[in-house]
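Chemist: Model the structure of this input:
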Amino acid sequence: MPRLRRTAEEQARLDAFGPTYVEALARGLKVLQAFGHDRRPLTLSEIAARVGLARASVRRTLHTLTHLGFAEADGRAFRLTPKVLTLAGAYLASDPAVDILQPAVERLAQQVGEACSAAVLDGAEVVMIAHASPRRVIAVSAQIGYRLPALASSLGRALLSTLDDAALARFLARVEPAKHTRHTVTDKRKLLAAILKARAQGHALVDQEAELGFRSISVPVRRRDGKAVAALNIGAHSERVPLNELQRNFLPALRQAAEQLQAQLL
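Modeler: All right, here's what the predicted structure looks like:
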């Protein structure tokens, strides 16, 4: 099989990763992550454009994923199969915190009558690892595996508030804030001030910055040694729940739940 032609920049990056770096595995993961943005099958050309790889390389990767059952072809288009969920399931099954967090958010959702989630930081985003909604709430896209921009969500700001000053400065330096709604704060000085305020208060409150019509409040969840392992959140539609009610009615429940979780998390 002929070797891929790389630019000098690509080769330098590979050399920096070291001799144990598996480039083929990295390509496979990039192809998997190309799906899901617009909820439709993708052609070979579309995937190659999204991941910035040669068509021949993407073709071999898709052939392998299809052979292993992680993808399937329908004419010229490819889609992922439910087997991909086994990868997420491996994470959820391997993290003992998930077994503790899921029942906690279910109890909290029943107590306050609103959607509740727990999430962890993943790059510039937060990803939900536990979620529950009361039956009266119309199902929305939020679920386990759902992602939100860290800077524009209360979950993200609660988690970022637990970083030390140096780590927080590095995060803000490498992330470019995006405008998700007309309320989204993108000025890094204002974002830093909001995160430091969340650190001082012990909670973060965000109003319609990630999604119009939705506001939420979050607190960090810590282990017994004080290290933050997740953030706990209550979210509500802005038309139904006034902003001050988040702090008055929901924050005490969040703090109580976080304190109870800390006693369980090693």
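Chemist: would you list every one of the strands in the stretch 51-200 of the chain?
Modeler: Chain-ordered strands for the stretch 51-200 of the chain, with DSSP state E, counting those that start in this stretch as the definition, fall at 71-74, 77-80, 115-122, 125-132, 147-149.
Chemist: The third one pairs with which strands?
Modeler: According to DSSP bridges, strand 115-122 forms sheet pairs with strand 125-132 (antiparallel), strand 228-237 (antiparallel).
Chemist: cool, and the second one?
Modeler: Applying DSSP bridges to the sheet, strand 77-80 is found paired with strand 42-43 (antiparallel), strand 71-74 (antiparallel).
Chemist: Go through those and name the closest to residue 126.
Modeler: Of all the strands paired with strand 77-80, strand 42-43 sits nearest to residue 126, with 25.5 Å by C-beta to C-beta. Just so you know, the C-beta spots here come from the backbone N, C-alpha and C atoms, and that holds for glycine as well.
Chemist: buried residues in the helix of greatest length in the chain?
Modeler: In the chain, ranked by residue count with DSSP state H as the criterion, the top helix is helix 96-112. Within helix 96-112, the residues that qualify as buried are 97, 98, 100, 101, 102, 104, 105, 106, 108, 109, 112, counting by 16 or more other C-beta atoms under 10 Å.
Chemist: Next: stretch 55-73.
Modeler: Those would be 57, 58, 61, 62, 65, 70, 71, for stretch 55-73 by 16+ other C-beta under 10 Å.
Chemist: quick one: which of those residues is nearest residue 261?
Modeler: Within these, distances to residue 261 taken as C-beta to C-beta reach their minimum at residue 70, with 34.0 Å.
Chemist: The closest one reaches residue 84, doesn't it?
Modeler: Yes. At 5.4 Å, residue 70 and residue 84 qualify as touching, with contact defined as C-beta atoms under 8 Å.
Chemist: if we can go back for a sec, now the longest helix of the chain against strand 115-122, angle please.
Modeler: Direction vectors for helix 96-112 and strand 115-122, defined by axes from the mean of the first three to the mean of the last three C-alpha atoms, to 10 degrees, enclose an angle of 150 degrees.
Chemist: How far off centre is helix 96-112?
Modeler: 18 Å (C-alpha atoms, centre = their mean, to the nearest Å).
Chemist: Ok, stretch 62-81 next?
Modeler: Between the mean C-alpha point of stretch 62-81 and the mean C-alpha point of its chain there is a distance of 25 Å (C-alpha atoms, centre = their mean).
Chemist: CA atoms only: put that stretch into PDB for me.
Modeler: Taking only C-alpha atoms (Å, rounded to 0.1, in the frame of the first residue of the first chain), the coordinates of stretch 62-81 have been written out as PDB:
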ATOM      1  CA  LEU A  62     -15.000   3.600   6.000                       C
ATOM      2  CA  HIS A  63     -14.400   0.100   4.600                       C
ATOM      3  CA  THR A  64     -12.900  -0.900   7.900                       C
ATOM      4  CA  LEU A  65     -15.700   0.600  10.000                       C
ATOM      5  CA  THR A  66     -18.300  -1.000   7.800                       C
ATOM      6  CA  HIS A  67     -16.500  -4.400   8.000                       C
ATOM      7  CA  LEU A  68     -16.500  -4.100  11.900                       C
ATOM      8  CA  GLY A  69     -20.200  -3.100  12.000                       C
ATOM      9  CA  PHE A  70     -19.700   0.600  13.100                       C
ATOM     10  CA  ALA A  71     -20.900   2.000   9.800                       C
ATOM     11  CA  GLU A  72     -23.100   1.000   6.900                       C
ATOM     12  CA  ALA A  73     -23.400   2.100   3.300                       C
ATOM     13  CA  ASP A  74     -26.600   3.000   1.400                       C
ATOM     14  CA  GLY A  75     -25.600   3.600  -2.100                       C
ATOM     15  CA  ARG A  76     -23.100   6.400  -2.100                       C
ATOM     16  CA  ALA A  77     -23.900   7.500   1.400                       C
ATOM     17  CA  PHE A  78     -22.600   6.200   4.800                       C
ATOM     18  CA  ARG A  79     -24.200   6.300   8.200                       C
ATOM     19  CA  LEU A  80     -23.200   5.100  11.700                       C
ATOM     20  CA  THR A  81     -24.800   2.000  13.200                       C
END
